[in-house]
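Asker: One predicted model, sequence on top.
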Amino acid sequence: MVAGCQSPPRSPVPDAPGPATQASPIIEPETAAPRELSREGDLKQLLRQAERQLSSETAAATLALFSDVDISSLSEPTIAQLQTLRARAHAGVGSFIDAYQALSYAQVTTLQQWSLLEQICAALSLNQCRADSLIAMQTLASPVSSDEILHTLLQAKQAPDHDAVQLANGGVTPIPRPDSQAHRGWHALVNVLTTTGSRYQTHQAWQNWQAQWRDHAAAIDPPNLIAQLADPATASIALMLPLSGQLGNVGRAVRDGFIAAYLAESDPTKPAATLALHIFDSAEYSALELMRLARDARANILVGPLLKANVDAFAAFAAASEIPTLLLNYLPTSESPRSTASNLLQLGTAIEDEATTLATLMRTNQHQRVMVVHNGSTWANKALQAFQHEWPHPIFATRFSDLKQLTRAVGNVMDVSASTTRKERVAALLGEPLEFLPRARQDLDAVLALTTGFEAAALIPALQFHFADHLPVYATSQSLRDGSLPEGFSVAELPLLTQPNRVELGMISAFNLSNNSLVDLYALGASAFQMATWAPALSMPSNWREHFTLRSPIGQLQLNSGGRISRNLAIKTVAPTRSGQRPSATEFE
């Protein structure tokens, strides 16, 4: 609560479509005459009048009532009441960001205020704010269902930075999140459902949560999604990977990651002990033969193949079989029957996901004008296109084909070369040399480096030379894969390497993943096991398909339309370079 302040100024409207971004109507001076509140009775009369106008749906006139009110001498409860009415008026004219800002000056405690905040946040698509409001309303005996709360929390988990980005774009300070017992229990439950791992482990973790929070509303009346966690049927998984031939090392890395995660749940006391695993070499069999082998093994979950050519051929047979299938690469984006089949899920380590992760982080950090330095490779072009799709502000891209061109490429964007050219022209006109200090542009906010590790190391002195070393630099995991770690860069990285859990620590030790060029593939294999156990729940008609999100070794996963699974990666700030870093990762198609 802010006491002793003037009415809060209007803030910029965030990037949200529709009525959520409409400005409040302009109040003409004769409509919004100044009001002096010399007595307490004047204030009470004003508040009663505002309440009547809001009840009769004249929100614009209510805003006029408050236009020149001096609240510097008012008590905190009175300010809260006035700002709540102001928030209702802004919401009534569709200016929801102003409504949020007005309510931020009031201590939100009553059911009416929480209900108002929930409506405002729903209009602004602020799912975390909306979920917290629903929890508070449920605590205050409002008829809010546990299913609605859980669905909203899971939606918020899919885009954890969305609220912060929207409010930052609007120039509004977030309302503090509640810290009640009910809120802590709900957030603990969502953490259990989205970070535990496999479907079987998640069900066990839910039971542990329920025992710990036995008096919580969700424990007493579990959401419907919880019932879909348990699967009494014995699962049989067919894993199909290239284990021989030229790309055998790639397939074996995925297999070893998959088996490591599988064995972690093979304790006879755990439900995963009912899992049967059958492994087939996709380099030895055609797509049709793989389907026959899986059928003979009575597999009810299919995982693989890995290579794009095999995935495209296999998907048609898998779609026709209606068996839950996790493809370990991506189908073409065309609207073919196999790309929209409800039983097909697509998991991979697309570089586009890293670019999207970085775009979200950079928007949260309120950057706008960005220089993109890229090496022109296939993966860099894909990342650039994905970043351009997500970035609403100016982008200044510069390409280099080898390290010799890197410094010049940076100079072209920084306009240092143009400064030098101007100096040479002036010197030629005067016919004598000039003392000269080149100038660089000052309007850029950040740098996105789509480079390898060696190129990133060379980028640092290039930025220094062109007076851009003060700019924060963001990069993909490719900058970490060949031993030259770019000090100070913020880099998208695998959660397996940034915050490993117990199972992942075992994998890192067993396969020396800290220095393994195939680390992304081991992580893909471990993630594939988790997703395989979820595949039946995501294939059947299920609310999980809409609300699914999961922390995995390759990133925070969520299911998009068409069965494609995208990921949000962890962010690592690179410490000073040390010796003995891992070599380059292998790319495959």
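Answerer: Perfect, thanks for sending it.
Asker: Where does pLDDT dip in the stretch 251-400 of the chain?
Answerer: 267-273, 333-340 (pLDDT under 70).
Asker: all helices of it, in order?
Answerer: Using DSSP state H, counting those that start in this stretch, the helices of the stretch 251-400 of the chain run over residues 287-296, 308-321, 337-340, 351-364, 378-390.
Asker: Quick one: distance of whichever helix in the chain runs longest to the chain centre.
Answerer: Taking DSSP state H as the criterion, the chain has its longest helix at helix 519-539. Offset of helix 519-539 from its chain centre (Cα atoms, centre = their mean, to the nearest Å): 19 Å.
Asker: let's number from 144 now, not from 1
Answerer: Sure, I'll start counting at 144 from here, so that last one is helix 662-682.
Asker: ok, and for the helix or strand just after that helix, which residues are buried?
Answerer: Once the chain leaves helix 662-682, the next helix or strand it forms, by DSSP states H and E, is helix 687-690. Residues of helix 687-690 classed as buried: Trp687, His690 (neighbour count, 16 or more other Cβ atoms under 10 Å). (C-beta placed from N, C-alpha, C; glycine too.)
Asker: Convert helix 687-690 to CSV, retaining C-alpha atoms only.
Answerer: The C-alpha trace of helix 687-690 is given here as CSV (Å, rounded to 0.1, in the frame of the first residue of the first chain):
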residue,chain,number,x,y,z
TRP,A,687,-3.4,-33.3,-19.4
ARG,A,688,-2.9,-32.8,-23.1
GLU,A,689,-3.9,-29.1,-22.8
HIS,A,690,-2.2,-28.4,-19.5
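Asker: Run through the neighbouring helices and strands of that helix.
Answerer: When contacts are defined as 3 or more Cβ pairs under 8 Å, 6 or more residues apart in numbering; DSSP states H and E, helix 687-690 packs onto helix 289-301, helix 662-682.
Asker: Redo the ones you listed as CSV? Include mean pLDDT.
Answerer: Shown next, in CSV, are those (pLDDT from 0 to 100):
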stretch, mean pLDDT
helix 289-301, 94
helix 662-682, 95
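Asker: how about those in CSV, adding mean neighbour count and distance to Phe608?
Answerer: Shown next, in CSV, are the helices and strands packed on helix 687-690 (neighbours: other Cβ atoms under 10 Å; distance: least, Cβ to Cβ, whole Å):
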stretch, mean neighbour count, distance to Phe608
helix 289-301, 21, 42
helix 662-682, 26, 33
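Asker: residues contacting Ile708?
Answerer: Leu488, Gln489, Leu490, Met674, Leu700, Gln701, Leu702 (Cβ atoms under 8 Å, 6 or more residues apart in numbering).
Asker: Show me what it bridges to in the sheet.
Answerer: Leu702 (DSSP bridges).
Asker: Against Ile494, how distant is it?
Answerer: To Ile494, Ile708 is 15 Å away according to Cβ to Cβ, to the nearest Å.
Asker: same question, Leu406
Answerer: 30 Å.
Asker: what do you get for Val662?
Answerer: From Val662 to Ile494 the distance is 15 Å (Cβ to Cβ).
Asker: picking that back up, Leu406 and Ile494: who's more crowded?
Answerer: Ile494 (23 against 14; other Cβ atoms under 10 Å).
Asker: The more buried one: what's it in contact with?
Answerer: Trp522, Lys525, Ala526, Ala529, Thr619, Gln621.
Asker: Just the strands from the stretch 594-732 of the chain, written as ranges.
Answerer: 616-618, 633-636, 692-695, 698-702, 708-711, 713-716 (DSSP state E, counting those that start in this stretch).
Asker: which of the contacts of Ile708 tops the neighbour count?
Answerer: Leu490 (27 neighbours).
Asker: re earlier: with distance to Leu471 added, can I get the helices and strands packed on helix 687-690 in JSON lines?
Answerer: As requested, the helices and strands packed on helix 687-690 are exported to JSON lines (distance: least, Cβ to Cβ, whole Å):
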{"stretch": "helix 289-301", "distance to Leu471": "22"}
{"stretch": "helix 662-682", "distance to Leu471": "6"}
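Asker: closest one to His233 among these?
Answerer: helix 289-301 (22.7 Å; Cβ to Cβ).
Asker: May I have the residues that are in contact with the most centrally placed residue in the chain?
Answerer: Residue closest to the mean C-alpha point of the chain, counted by Cα atoms, centre = their mean, is Ala302 at 4.0 Å. Contact partners of Ala302, counting by Cβ under 8 Å, 6+ apart, are Asn270, Thr503.
Asker: can you pull the pLDDT of it?
Answerer: According to the prediction, Ala302 has pLDDT 85.
Asker: For Thr339, see how far away it is.
Answerer: For Ala302, the distance to Thr339 - Cβ to Cβ - is 20 Å.
Asker: Equivalent analysis for Tyr473, please.
Answerer: 26 Å.
Asker: One more: Asn508?
Answerer: Going from Asn508 to Thr339 by Cβ to Cβ gives 30 Å.
Asker: Equivalent analysis for Val556, please.
Answerer: 45 Å.
Asker: And Arg398, by the same measure?
Answerer: Distance from Arg398 to Thr339, by Cβ to Cβ: 23 Å.
Asker: which ones are touching the nearest residue to Phe608 once chain neighbours are set aside?
Answerer: Closest residue to Phe608 apart from its sequence neighbours, by Cβ to Cβ, 6 or more residues apart in numbering: Thr550 at 6.1 Å. Thr550 sits next to Pro604, Ala605, Phe608, His609 when contact means Cβ under 8 Å, 6+ apart.
Asker: How many residues are close by the third one?
Answerer: Spelled out, that is Phe608. 16.
Asker: Mind exporting the C-alpha coordinates of stretch 259-272 to CSV?
Answerer: The C-alpha trace of stretch 259-272 is given here as CSV (Å, rounded to 0.1, in the frame of the first residue of the first chain):
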residue,chain,number,x,y,z
LEU,A,259,-11.8,-8.0,-9.1
LEU,A,260,-8.1,-8.9,-9.4
GLU,A,261,-8.9,-12.3,-10.8
GLN,A,262,-11.1,-10.6,-13.5
ILE,A,263,-8.3,-8.1,-14.3
CYS,A,264,-5.6,-10.7,-14.5
ALA,A,265,-7.8,-13.0,-16.7
ALA,A,266,-8.3,-10.1,-19.1
LEU,A,267,-4.5,-9.5,-19.2
SER,A,268,-3.8,-13.3,-19.5
LEU,A,269,-1.7,-13.1,-16.3
ASN,A,270,-2.2,-16.7,-15.3
GLN,A,271,0.0,-16.8,-12.2
CYS,A,272,-1.8,-13.7,-10.8
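Asker: what does the average pLDDT come to for it?
Answerer: 96.
Asker: repeat for stretch 223-240
Answerer: On average, stretch 223-240 scores 87.
Asker: Could I have the CA atoms of it written out in PDB?
Answerer: Output of stretch 223-240 as PDB, limited to C-alpha atoms (Å, rounded to 0.1, in the frame of the first residue of the first chain):
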ATOM      1  CA  ALA A 223      -7.600   1.200  -0.400                       C
ATOM      2  CA  GLN A 224     -11.300   1.800  -0.800                       C
ATOM      3  CA  LEU A 225     -10.800   4.600  -3.300                       C
ATOM      4  CA  GLN A 226      -8.200   2.800  -5.300                       C
ATOM      5  CA  THR A 227     -10.400  -0.300  -5.500                       C
ATOM      6  CA  LEU A 228     -13.300   1.800  -6.900                       C
ATOM      7  CA  ARG A 229     -10.800   3.300  -9.300                       C
ATOM      8  CA  ALA A 230      -9.700  -0.200 -10.400                       C
ATOM      9  CA  ARG A 231     -13.300  -1.200 -11.000                       C
ATOM     10  CA  ALA A 232     -13.900   1.900 -13.100                       C
ATOM     11  CA  HIS A 233     -10.800   1.300 -15.200                       C
ATOM     12  CA  ALA A 234     -11.900  -2.300 -15.700                       C
ATOM     13  CA  GLY A 235     -15.300  -1.100 -16.600                       C
ATOM     14  CA  VAL A 236     -13.900   0.800 -19.600                       C
ATOM     15  CA  GLY A 237     -11.600  -2.000 -20.700                       C
ATOM     16  CA  SER A 238      -8.400  -0.400 -19.400                       C
ATOM     17  CA  PHE A 239      -7.200  -3.400 -17.500                       C
ATOM     18  CA  ILE A 240      -3.500  -2.500 -17.100                       C
END
